[in-house]
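Participant: kindly generate the corresponding structure for this input.
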Amino acid sequence: MRMDPEKLRLYAVTDRSWLKPGESLGGVVEELLQGGVTCVQLREKRMGDRELLSCAEELLEVCRRYGVPLIINDRPDIAKRVGADGVHVGLADMEIRRARELLGDGYYIGSSAHSVQEALAAEAAGADYLGCGAVFGSATKTDASKLSLEELRRIAQAVRIPAVAIGGVGPDNIGRLRETGVSGAAVISALFAAGDKKKAAETLWNLWGGTT
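Facilitator: I've put the predicted structure just below:
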């Protein structure tokens with residue numbers, strides 16, 4: 001299913017390890033949506049199936065109220081069960097193809113790419129959009145290899161599907177991504193670790209360019 005590039009402008013990837021006492025993931029996500037987040041990916045690798053399912057249902061209800069897609073990381077079965085908008089899977093062609101077989105054409109399938117070769121392979125396998133990084137390092141994945149802005153630009157030029165940059169994106173560097181041709185930025189700690197989540201989202205939204 002074709003992904004609208006505008007839905008990828010400010011892509012929040014959840015990480016509940018940043019939550020402060022009294023905060024809930026659903027409440028924080030709602031604050032971020034109020035600030036301008038355009039897509040949400042539920043990425044909580046340490047959640048058991050039951051908790052993940054419950055969390056997906058909660059976030060889907062919030063995202064629906066704001067007209068924003070909810071993507072589930074690595075779990076097409078959970079995405080299908082709750083009726084989320086899509087899934088983000090790994091680099092392997094087979095993972096993309098299996099996700100498509102399970103979900104059909106009515107769901108978005110995103111994949112990762114760290115090079116032009118990987119991006120083209122993911123597109124050929126049926127991915128609808130790409131997450132490319134880590135462009136500025138990563139506080140979440142300490143073993144993530146860095147992706148240069150030059151390679152990011154080559155990826156954006158090589159594929160017909162939209163791509164987002166991920167990895168260490170924050171207010172001090174998000175503006176550098178616009179010249180690469182990507183559709184937006186995927187952000188974790190600069191949103192979820194912020195004291196004022198709504199303001200953090202608004203700041204990043206405005207730095208990207210604000211209204212269309």
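Participant: give the contact list for residue 155.
Facilitator: Counting by Cβ atoms under 8 Å, 6 or more residues apart in numbering, residue 155 touches 113, 115-116, 119, 130, 132, 163. Placement of C-beta: from N, CA and C, glycine included.
Participant: list only buried entries from those residues.
Facilitator: Among these, those classed as buried by 16 or more other Cβ atoms under 10 Å are 113, 116, 119, 130, 132, 163.
Participant: mind exporting the C-alpha coordinates of the helix or strand of the chain with the lowest mean pLDDT to CSV?
Facilitator: One helix or strand of the chain scores below all others by mean pLDDT, DSSP states H and E: helix 93-103, with a mean of 90. Taking C-alpha atoms only, helix 93-103 is exported to CSV below (Å, rounded to 0.1, in the frame of the first residue of the first chain):
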residue,chain,number,x,y,z
ASP,A,93,13.7,-10.1,1.9
MET,A,94,11.8,-13.0,3.4
GLU,A,95,10.6,-11.1,6.4
ILE,A,96,9.1,-8.5,4.1
ARG,A,97,7.5,-11.1,1.8
ARG,A,98,6.1,-13.1,4.8
ALA,A,99,4.7,-9.9,6.3
ARG,A,100,2.9,-9.1,3.1
GLU,A,101,1.6,-12.7,2.8
LEU,A,102,0.2,-12.4,6.3
LEU,A,103,-1.2,-8.9,6.1
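Participant: helices or strands up against it?
Facilitator: Counting contacts by 3 or more Cβ pairs under 8 Å, 6 or more residues apart in numbering; DSSP states H and E, helix 93-103 packs against helix 76-82, strand 86-89, strand 108-113, helix 116-125.
Participant: what's the closest non-adjacent residue to residue 90?
Facilitator: Among residues not flanking residue 90 along the chain, residue 112 sits closest, at 6.5 Å (Cβ to Cβ, 6 or more residues apart in numbering).
Participant: tell me the contacts of the one you found?
Facilitator: 88, 90-91, 118, 122, 130-133.
Participant: roughly how far apart are it and residue 181?
Facilitator: In this view, residue 112 and residue 181 are 18 Å apart by Cβ to Cβ, to the nearest Å.
Participant: now swap in residue 83 and tell me
Facilitator: Distance from residue 83 to residue 181, by Cβ to Cβ: 32 Å.
Participant: quick revisit: between the least confident helix or strand of the chain and helix 116-125, how big is the angle?
Facilitator: With axes from the mean of the first three to the mean of the last three Cα atoms, to 10 degrees applied, the angle from helix 93-103 to helix 116-125 works out at 30 degrees.
Participant: how far does whichever strand or helix holds residue 204 sit from its chain's centre?
Facilitator: Residue 204 belongs to helix 197-208 when assigned by DSSP states H and E. Taking Cα atoms, centre = their mean, to the nearest Å, one finds the center of helix 197-208 at 16 Å from the center of the full chain.
Participant: may I have that helix exported as CSV, CA atoms only?
Facilitator: Coordinates of each C-alpha in helix 197-208 appear next as CSV, following Å, rounded to 0.1, in the frame of the first residue of the first chain:
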residue,chain,number,x,y,z
LYS,A,197,6.8,16.1,25.1
LYS,A,198,4.4,18.3,23.2
LYS,A,199,6.8,21.2,22.9
ALA,A,200,9.6,18.8,21.8
ALA,A,201,7.4,17.5,19.0
GLU,A,202,6.4,21.1,18.0
THR,A,203,10.0,22.2,17.9
LEU,A,204,11.0,19.3,15.6
TRP,A,205,8.0,19.8,13.4
ASN,A,206,8.8,23.5,13.0
LEU,A,207,12.5,22.8,12.3
TRP,A,208,11.5,20.4,9.6
